[in-house]
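Engineer: The amino acid sequence is not available; the structure is as follows:
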């Protein structure tokens with residue numbers, strides 16, 4: 001009797017959840033099918049997995065805080081936003097897609113400089129913090145208490161001690177070891193305002209309100225509203241002692257000046273309010289009109305609190321706009337169907353497409369899932385390269401030597417749907433040429449993947465990869 005009751009109760013729960021899956025507005029058809037199968041075919045664990053990870057649930061308090069701050073910041077920004085620049089014809093749909101997704105329009109008059117690949121990349125960041133007069137804003141997904149992380153923390157302390165307002169946001173999960181290190185206490189004692197994004201609290205209670213795996217994956221350094229740094233690099237050494245067996249971790253970071261810095265400020269302010277900080281409208285004063293360069297750029301903030309599409313749409317628009325050459329660098333390739341299709345379609349119509357991935361990935365599941373896409377990519381004519389000198393963590397897409405997107409978002413569903421990400425669209429042949437040269441250096445440190453190699457994989461590897469690829473809507 002007990003067994004019968006449990007059986008029918010489980011069946012009722014499965015049916016109810018299956019109906020809920022079919023009614024979810026934000027799930028793609030492939031994700032609906034995958035979840036219905038998991039719930040139906042994996043007793044108990046399938047139900048538990050869906051309850052914990054099946055829906056993109058953002059806590060009501062967080063949603064209210066973010067939405068209110070974002071609406072007010074957008075109102076202030078839009079009231080004095082500079083007129084958009086004239087773009088090349090191919091870049092117009094990309095910029096419009098980025099605006100639809102992130103809410104900010106493309107702006108001209110920027111200067112963008114690519115930082116070094118090694119740990120000297122932090123030298124200009126330290127100099128900028130040491131030169132700060134009014135405020136310093138720092139946001140990192142991972143901040144480690146290593147040499148580079150300590151240098152940035154020490155600079156933040158020096159700034160606070162001379163009267164500069166220093167605000168720090170770190171992701172509570174990604175930077176938990178740093179928050180428990182002496183550096184965190186030293187910054188607080190020096191007057192640095194330190195906050196943790198997306199606190200987990202009591203996990204079981206938190207899970208009732210919000211998904212536990214929503215994370216703030218952004219990287220922002222912002223000085224006096226005048227100069228900013230962003231990209232894919234966390235606040236850590238190349239040796240990345242968090243996972244040293246994969247080192248060095250190779251990343252991309254840029255220094256920016258111009259109107260796009262104000263856009264980056266809007267993203268930080270919303271994150272600051274969400275982390276419990278005060279609203280900072282005085283930091284959104286209009287630009288002085290000075291041109292710092294000739295680069296057109298556009299920040300694209302995305303996250304699970306937004307319903308206006310995802311980075312996947314803008315990546316796809318960029319790829320569809322390309323006519324000659326596309327170079328894609330990402331550590332994690334688990335795309336949604338439209339993006340994967342856009343890449344293969346570009347190769348089939350004669351565009352030279354290069355995809356650079358790490359030869360050794362820090363996630364075995366993601367690596368195997370990614371391999372499930374390789375054969376169809378190679379069949380379409382995509383040239384694939386596996387980087388073999390560390391873990392390639394840069395996130396770059398360049399097109400036709402004139403357009404690029406860089407930032408924190410990987411080409412995977414986690415970045416598209418779950419993480420708070422910040423990317424930058426760049427329209428400028430000189431800056432994109434520098435990015436292409438950096439990616440060429442990656443290719444020179446990579447080996448080419450061939451179709452014959454993939455065809456020679458043993459049956460069990462193909463089976464594993466294809467099963468995981470089928471489950472990619474859940475990853």
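Structural biologist: Sure, I can see it. Since we're looking at a predicted model, the values are computed, not measured. Numbering: from 1, shown residues only.

Engineer: which residues in the stretch 101-250 of the chain form helices?
Structural biologist: 122-130, 147-161, 176-179, 182-190, 203-209 (DSSP state H, counting those that start in this stretch).

Engineer: The fourth one vs helix 147-161, what angle?
Structural biologist: I take that to be helix 182-190. 10 degrees (axes from the mean of the first three to the mean of the last three C-alpha atoms, to 10 degrees).

Engineer: So what touches helix 182-190?
Structural biologist: Helix 182-190 has contacts (C-beta atoms under 8 Å, 6 or more residues apart in numbering) with 145, 149-150, 153, 156-157, 160-161, 166, 168, 178, 194. C-beta here means a position set from N, CA and C on the backbone, and glycine is covered the same way.

Engineer: can you do 6 Å?
Structural biologist: 145, 153, 156-157, 160-161, 194 (C-beta atoms under 6 Å, 6 or more residues apart in numbering).

Engineer: ok, back up a step: what would the helices of the stretch 101-250 of the chain look like in a markdown table with mean pLDDT, distance to residue 443 and mean neighbour count?
Structural biologist: Compiled in a markdown table, these are given as follows (pLDDT from 0 to 100; distance: least, C-beta to C-beta, whole Å; neighbours: other C-beta atoms under 10 Å):
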| stretch | mean pLDDT | distance to residue 443 | mean neighbour count |
| --- | --- | --- | --- |
| helix 122-130 | 98 | 26 | 18 |
| helix 147-161 | 98 | 26 | 20 |
| helix 176-179 | 96 | 34 | 17 |
| helix 182-190 | 98 | 37 | 15 |
| helix 203-209 | 67 | 42 | 12 |
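
Engineer: So this protein: which segments form each domain?
Structural biologist: 2-53, 60-85+117-290, 311-474 (automatic domain parsing).

Engineer: so which of the ones you listed gets nearest residue 91?
Structural biologist: Minimum separation from residue 91 across these (C-beta to C-beta) falls at domain 311-474, 4.7 Å.

Engineer: Go ahead and flag the most central residue of the protein.
Structural biologist: Nearest residue to the geometric centre of the chain (C-alpha atoms, centre = their mean): residue 409, 2.4 Å.

Engineer: Okay, residue 269 and residue 284: tell me how far apart.
Structural biologist: 7 Å (C-beta to C-beta, to the nearest Å).

Engineer: quick one: which of these two has more around it?
Structural biologist: Ranked by neighbour count (other C-beta atoms under 10 Å), residue 269 and residue 284 place residue 269 first, with 25 against 18.

Engineer: Contacts for the helix or strand where that one lies, please.
Structural biologist: Using DSSP states H and E, residue 269 sits within helix 259-274. For helix 259-274, the external contacting residues (C-beta under 6 Å, 6+ apart) are 62, 65-66, 69-70, 73, 77, 82, 104, 107, 109-110, 137, 169, 220, 222, 225, 228, 279-280, 283, 287, 297, 299, 301, 422.

Engineer: 7 Å instead?
Structural biologist: 62, 65-66, 69-70, 73, 77, 82, 104, 107, 109-110, 137, 139, 167, 169, 197, 216, 218, 220, 222, 225-228, 230, 279-280, 283-284, 287, 297-299, 301, 422 (C-beta atoms under 7 Å, 6 or more residues apart in numbering).

Engineer: Point out where the stretch 201-350 of the chain drops to low pLDDT.
Structural biologist: 203-208, 289, 307-308 (pLDDT under 70).

Engineer: and with 90 instead?
Structural biologist: 201-214, 240-247, 279-292, 304-310 (pLDDT under 90).

Engineer: now the strands: where do they sit in it?
Structural biologist: Using DSSP state E, counting those that start in this stretch, the strands found in the stretch 201-350 of the chain span residues 219-223, 227-231, 249-250, 253-257, 295-302, 325-329, 333-334.

Engineer: returning to that earlier point: mutual contacts of residue 269 and residue 284, please.
Structural biologist: In contact with both residue 269 and residue 284: residue 73, using C-beta under 7 Å, 6+ apart.

Engineer: rewinding a little: angle of the helix holding residue 269 against strand 295-302?
Structural biologist: 20 degrees.

Engineer: what's the spacing between helix 259-274 and its chain's center?
Structural biologist: 16 Å (C-alpha atoms, centre = their mean, to the nearest Å).

Engineer: how about the nearest residue to residue 95, chain neighbours excluded?
Structural biologist: residue 106 (4.3 Å; C-beta to C-beta, 6 or more residues apart in numbering).

Engineer: ignore the last one, residue 371
Structural biologist: residue 465 (4.3 Å).

Engineer: and residue 1, what pLDDT?
Structural biologist: Note on residue 1: pLDDT of 46.

Engineer: Report the buried residues of the helix or strand hosting residue 22.
Structural biologist: Using DSSP H and E, residue 22 sits in helix 2-23. Neighbour-count burial for helix 2-23, counted by 16 or more other C-beta atoms under 10 Å, picks out 14, 17-18, 21.

Engineer: Regarding residue 406, what is its secondary structure?
Structural biologist: strand (DSSP: H, G, I helix; E, B strand; the rest coil).

Engineer: bridging residues for it?
Structural biologist: residue 396, residue 424 (DSSP bridges).

Engineer: Ok, residue 107 next?
Structural biologist: Bridge pairing for residue 107 - DSSP bridges - gives residue 297.

Engineer: That one - how many residues pack around it?
Structural biologist: Neighbour tally, residue 107, other C-beta under 10 Å: 23.

Engineer: pretty sure it contacts residue 83?
Structural biologist: No: counting by C-beta atoms under 7 Å, residue 83 is not a contact partner of residue 107; they are 8.8 Å apart.

Engineer: End to end on stretch 401-417, go ahead and measure it.
Structural biologist: 29 Å (C-alpha to C-alpha, to the nearest Å).

Engineer: on that earlier part again, could I get the helices of the stretch 101-250 of the chain as CSV with distance to residue 25?
Structural biologist: Formatted as CSV, the helices of the stretch 101-250 of the chain follow (distance: least, C-beta to C-beta, whole Å):
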stretch, distance to residue 25
helix 122-130, 41
helix 147-161, 41
helix 176-179, 33
helix 182-190, 40
helix 203-209, 19
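
Engineer: Those helices: which one's closest to residue 436?
Structural biologist: helix 122-130 (21.9 Å).

Engineer: who touches that closest one?
Structural biologist: 115, 136, 148, 151-152, 155-156, 158-159, 221, 223, 227, 229, 255.

Engineer: Relative to residue 34, tell me which of the strands of the stretch 201-350 of the chain wins on proximity.
Structural biologist: Here strand 333-334 is closest among the strands of the stretch 201-350 of the chain (C-beta to C-beta), at 12.9 Å.

Engineer: Please state the offset of the closest one from the chain centre?
Structural biologist: Taking mean C-alpha positions (C-alpha atoms, centre = their mean), strand 333-334 and its chain are 13 Å apart.

Engineer: This completes my enquiry, with thanks.
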